[in-house]
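Whatever this is, show me its structure:
(chains A and B)
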Number of protein chains: 2
Amino acid sequence: MPETKVKKSEDFNEWYNEIVELADLCDKRYPIKGMNIWRPYGWKLMNHVDRLIRDEMIKTNHQEVCFPLLIPESYFKKEEEHIEGFGKEVFWVTHAGLTPLEERWLLRPTSETAMYPIFSLWIRSHTDLPLKTFQIVNTFRYETKQTRAFIRVREIHFFEAHTCHVDFTDAERQIQEDKEIADHLLQKLSLPYVFSKRPEWDKFAGAYYTISIDVLMPSGRTLQIGSIHQYRDNFAKPYEISYETEKGDHSFCHQTTYGMSERLLGALVGVHGDNKGLVMPPEVAPLQVVIIPIIFKGKEQTVLETSRTLQNELLEENIRSFIDDRDITPGNKYYDWELKGVPLRVEIGPRDVEKNALTLVRRDSGLKKSIPITNAEQMIKTELKDLEHILYTNAEKLLKDNMHQVLTIEEATQKTGIVALPWCGNKDCALEIENVLEGNTLGEPIENAGCSEHCPVCGSPAKTWMRYARSY
Amino acid sequence: MPETKVKKSEDFNEWYNEIVELADLCDKRYPIKGMNIWRPYGWKLMNHVDRLIRDEMIKTNHQEVCFPLLIPESYFKKEEEHIEGFGKEVFWVTHAGLTPLEERWLLRPTSETAMYPIFSLWIRSHTDLPLKTFQIVNTFRYETKQTRAFIRVREIHFFEAHTCHVDFTDAERQIQEDKEIADHLLQKLSLPYVFSKRPEWDKFAGAYYTISIDVLMPSGRTLQIGSIHQYRDNFAKPYEISYETEKGDHSFCHQTTYGMSERLLGALVGVHGDNKGLVMPPEVAPLQVVIIPIIFKGKEQTVLETSRTLQNELLEENIRSFIDDRDITPGNKYYDWELKGVPLRVEIGPRDVEKNALTLVRRDSGLKKSIPITNAEQMIKTELKDLEHILYTNAEKLLKDNMHQVLTIEEATQKTGIVALPWCGNKDCALEIENVLEGNTLGEPIENAGCSEHCPVCGSPAKTWMRYARSY
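Now for the predicted structure:
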């Protein structure tokens, strides 16, 4: 069987570009750059990820809303930093039919400026707070850099939570909750991650501070898959989101947002895949078990019956399974489902049926084992859990092996992945390091960031550790 | 308790406009006309409708995809009738950031022209057929008429199925399946409907023929909530969707589409609601049962415990329920949930607990009954089924009472709702009738349309019955 043309271990970026299409996640042949087509398998995967996000949102009492895609220019322009940050990367609608619009509208790059004028109508009193909302929608950004499926696109499948609070402290509590949500979700995706507080000059346009959530890809480059923002009252003031306190005063809300995108899929593909294709964590795998009946003439009946019985048992345990009874060779079927990353393959042949057994093949390790048919669904559940665990362990090793803490730029240049260096707090020193490392300032660790070393550029006492990495 | 300001029975259209906001379905204060905000309750309702649609699609082997929102002008212009039909009602993106685009892009009003150039890449051989896809996305149309929530909006929550077939006959089979899907879905929504074959001059731009699915609103006006189109090879030719037959020849595909929109919500609101607010069919009610503990001092504990026990039992039966323990009067709670149309209300007070009973109140009839707590969940299931049935029966009566078959225009002018008249096949005669009735030509019945009468305008022998109605 052919593997992918390019090996993951040899050229990660090329392998990635190839596998997303080969595995039927997307089709990149749409004529607008960076706007890809979600094929059924990719869309199912995205929907499973969305489902996990929704579950977390419901558990934490967030309400799902859906705001319009188009934002009037005047709404957008109320917060100055925001328009400065996004103004150059939005798409403009200027005509309706043959008629020029009186005011231009933009396609949301994110929804602050669509939502906040309405929040100011929804929030009247402290009893309306906290307001915790989210939506899952597509957003649009005019990317000028090279596009890459799921990682850098112009139409982005996007999750955004927006919350309003009585004060800074309550908004900080929300950020704590967001970090826990991110942790739950990324555990289920077997994706270890790092939180970093982004530097002042690279925080979200309008935010008081930004925490980025980064995953390390096997290429040694980081992928920012989400971010959490503390806005303080930076947006509440221009958008007039205020409330009456218990005492009858008026006060501006403090706000937070939490965003993630289809980059989560990019991370799933990049971190877990191998030379044979995708490897899907069971929680989000569109198919968790594929059953391949091994047909010999005259024995079709028992093999197919056994397959159907197993599928029904799996169904009762809510395990997503499929019987591949296509008229092609078993080898071709193995190839297809390995490419698509189905966690477990079950082979059932006449000899298995005679022995009251079936053959189980793990997608991660390729290991085969024969297990009894009785209670097979329990064994399969255990194997799925174990596979999830192994995926996490492997990804964690990748991350740990590629996180370094060093004192000098020279040491830093010899490392791959994420490198932390002492930092004096001076932007120019960080930019100098970016320059030498040909990377970006990722941000400071959000916990235990204290550093008693010296800045490797200017020699001043360091205020914190600062992380650098090449990133997507 | 105040009811809605306007009574449904007195001014349907005003009642409708008021109730959609009062019941928290949407917020119409967004500054772009016809682009409303989905509030959490409305969005949940829409999501339940989408879930029913997805279930039907999965059962019939349709694959869900998601195509880009933006369509290049050159793609759009390939099918002549289509561009003629939609050209004046699309929104144009002309700039990205500060840069004018080389080619204008439009926001999809529907996705034929985005999908079909890609279908021509996906389909190579007869083994690739039938191709059955669908997507649930937002579409955009520049409506110049008066907008109305869910019924006439400019950003439309839209379902569209697109299929490709080896020939006309197989496409006709698909249309038969679509009609069955519509029937299953609309039964679950307790919405009786009529299929009509639209007249030539009012079919979908590019279609060979169009079947409209119309619901009758209590105002006597019809609401088209969906349509099914036979395209023949009208799109396949300009978009070059062809395949290799078993014999090795090349042949163009025949195509169909099936679309429905958030108008389904408009129909749910309009058909089932009453002076007190919405009445939600249980299948899609965001909440099916609201439990109201009637608290008296000293008895809180037993009442709340009984409420929680009931809720757990309902949960096990997958019945969506909620305990409203807010610190407001029971009367205020009744008002809120009646407005939102929750099918069943359960009241549990200290006396109920003593009697091992609870009080059940039906949203449709307002009837109260005391039922034993033991196995209450079974009784509740039965009541929900009965309520669904009653909603259907009432809506069916409304439709039947307002469908008429007459021979003269004079008789027609005395009827409300849908009026069928003999038709000679001449467009001018139909337009004359439209004119007199101040209505629209809805289309001919798709079954048993034969008519041996004479056209009431020109007196020629009629070819068919033709329906007319005032419509939204």
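
who's in contact with the nearest residue to residue A:403 once chain neighbours are set aside?
Sequence neighbours aside, residue A:418 is the residue nearest to residue A:403 in space, at 4.9 Å (criterion: C-beta to C-beta, 6 or more residues apart in numbering or on different chains). Any C-beta I mention is one placed from the backbone N, CA and C, and that applies to glycine too. Shown in contact with residue A:418 (C-beta atoms under 8 Å, 6 or more residues apart in numbering or on different chains): A:194, A:214, A:216, A:222, A:402-404, A:442, A:467-469.

and if we set it to 7 Å?
When contacts are counted by C-beta atoms under 7 Å, 6 or more residues apart in numbering or on different chains, residue A:418 touches A:194, A:216, A:222, A:402-403, A:442, A:467, A:469.

Out of the residues you listed, name the ones that lie in helices.
Among the contacts of residue A:418, none falls in helices (DSSP state H).

Compile the residues you listed into a markdown table and extend it with columns for pLDDT and neighbour count.
Below are these laid out as a markdown table (pLDDT from 0 to 100; neighbours: other C-beta atoms under 10 Å in any protein chain shown):
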| residue | pLDDT | neighbour count |
| --- | --- | --- |
| A:194 | 98 | 19 |
| A:216 | 98 | 28 |
| A:222 | 98 | 27 |
| A:402 | 97 | 18 |
| A:403 | 97 | 16 |
| A:442 | 97 | 25 |
| A:467 | 97 | 29 |
| A:469 | 98 | 27 |
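
Average pLDDT for stretch A:174-183, rounded please.
Stretch A:174-183 carries an average pLDDT of 98.

Stretch A:96-112 too?
95.

any idea how far it is from the chain center?
Centroid displacement of stretch A:96-112 relative to its chain, using C-alpha atoms, centre = their mean, to the nearest Å, is 29 Å.

Does that stretch reach chain B?
Yes: using C-beta under 7 Å from any C-beta of the partner chain, we find that stretch A:96-112 touches chain B at A:96-98, A:105.

most neighbours, which of these?
residue A:105 (25 neighbours; other C-beta atoms under 10 Å in any protein chain shown).

Give the full set of residues in contact with residue A:89.
For residue A:89, the contact set (C-beta under 7 Å, 6+ apart) comprises A:109, A:141-142, B:97.

Quick check: phi and psi on the spatially closest residue to it that is not a sequence neighbour?
The spatially closest residue to residue A:89, leaving aside those adjacent along the chain, is residue A:142, at 4.5 Å (C-beta to C-beta, 6+ apart). Dihedral pair for residue A:142: phi -80, psi 90, per degrees, to the nearest 10.

how about residue A:142, what does it touch?
A:89-91, A:154, B:96-97.

helices and strands around the least confident helix or strand in chain A by mean pLDDT, which ones?
Using mean pLDDT, DSSP states H and E, helix A:80-86 stands out as the lowest-scoring helix or strand of chain A, at a mean of 81. Applying 3 or more C-beta pairs under 7 Å, 6 or more residues apart in numbering or on different chains; DSSP states H and E, one finds that helix A:80-86 contacts no other helix or strand.

Can you name the element that comes right after it?
strand A:91-96 (DSSP states H and E).

tilt between that next one and strand B:91-96?
Following axes from the mean of the first three to the mean of the last three C-alpha atoms, to 10 degrees, one obtains 140 degrees for the angle between strand A:91-96 and strand B:91-96.

strands paired with strand A:91-96, and their directions?
strand A:99-107 (antiparallel), strand B:91-96 (antiparallel) (DSSP bridges).

so what's the residue in the stretch 351-472 of chain A that chain B sits nearest to up against?
Using C-beta to the nearest C-beta, the closest approach of the stretch 351-472 of chain A to chain B is made by residue A:472 at 21.2 Å. By C-beta under 7 Å, 6+ apart, the residues touching residue A:472 are A:151-152, A:221, A:223.

so where is chain A shaky, pLDDT-wise?
Along chain A, the parts satisfying pLDDT under 70 run over A:1-4, A:449.

Quickly find the element holding the closest residue to residue A:458 other than its chain neighbours.
Spatial nearest neighbour of residue A:458, excluding adjacent residues (C-beta to C-beta, 6+ apart): residue A:429 at 5.4 Å. In this assignment (DSSP H and E), residue A:429 forms part of helix A:427-437.

which outside residues touch that helix?
So helix A:427-437 is in contact with A:199, A:201, A:409, A:412-413, A:421, A:423, A:440-441, A:455, A:457-458, A:466, A:468, going by C-beta under 7 Å, 6+ apart.

In three-state terms, label the most centrally placed residue in chain A for me.
Nearest residue to the geometric centre of chain A (C-alpha atoms, centre = their mean): residue A:264, 2.0 Å. Three-state assignment for residue A:264 (DSSP: H, G, I helix; E, B strand; the rest coil): helix.

can I assume it is in contact with residue A:48?
No: under the criterion of C-beta atoms under 7 Å, residue A:264 makes no contact with residue A:48, lying 10.6 Å away.

Could you count how many residues lie near residue A:328?
By other C-beta under 10 Å, neighbour count at residue A:328 equals 10.

Distance check, it against residue B:380.
As defined by C-beta to C-beta, to the nearest Å, residue A:328 lies at a distance of 50 Å from residue B:380.

What about residue A:133, how many residues nearby?
Residue A:133 has 21 nearby residues by other C-beta under 10 Å.

I'd assumed residue A:60 was in contact with it.
No: using C-beta under 7 Å, residue A:133 is not in contact with residue A:60, being 11.7 Å away.

ok, now how distant is the residue nearest to residue A:70 when sequence neighbours are not counted from residue B:98?
Nearest non-adjacent residue to residue A:70, counting by C-beta to C-beta, 6+ apart: residue A:105, 4.2 Å away. Here residue A:105 is placed at a distance of 16 Å from residue B:98 (C-beta to C-beta).

rewinding a little: in the least confident helix or strand of chain A, what's buried?
Buried positions in helix A:80-86, judged by neighbour count with 16 or more other C-beta atoms under 10 Å in any protein chain shown: A:82-83, A:85-86.

what do you get for stretch A:402-411?
Buried residues in stretch A:402-411 (16+ other C-beta under 10 Å): A:402-406, A:409.

do stretch A:412-420 as well
By neighbour count on 16+ other C-beta under 10 Å, the buried set for stretch A:412-420 is A:412, A:415, A:417-420.

Mind listing residues that contact stretch A:311-330?
Under C-beta under 7 Å, 6+ apart, the answer for stretch A:311-330 is A:286-294, A:304, A:307-308, A:333, A:377, A:380-381.

So what would you say the end-to-end distance of that stretch is?
Distance between the two ends of stretch A:311-330: 18 Å, counting by C-alpha to C-alpha, to the nearest Å.

Return the distance of it from the chain's centre.
On C-alpha atoms, centre = their mean, the centre of stretch A:311-330 falls 28 Å from that of its chain.

for stretch A:54-72, same thing?
On the basis of C-alpha atoms, centre = their mean, stretch A:54-72 is displaced by 17 Å from the centre of the chain it belongs to.

And stretch A:427-437, what's buried?
A:429-430, A:432-433, A:437.

Serialize those residues to a markdown table and add fields for distance to residue B:356.
Converted to a markdown table, the buried residues of stretch A:427-437 look like this (distance: C-beta to C-beta, whole Å):
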| residue | distance to residue B:356 |
| --- | --- |
| A:429 | 75 |
| A:430 | 71 |
| A:432 | 78 |
| A:433 | 74 |
| A:437 | 74 |
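
Give me the nearest residue to the closest residue to chain B within the stretch 151-300 of chain A, chain neighbours excluded.
At 5.5 Å from chain B, residue A:155 is the closest residue in the stretch 151-300 of chain A, using C-beta to the nearest C-beta. Leaving aside its chain neighbours, residue A:155 sits nearest to residue A:35 (4.6 Å; criterion: C-beta to C-beta, 6+ apart).
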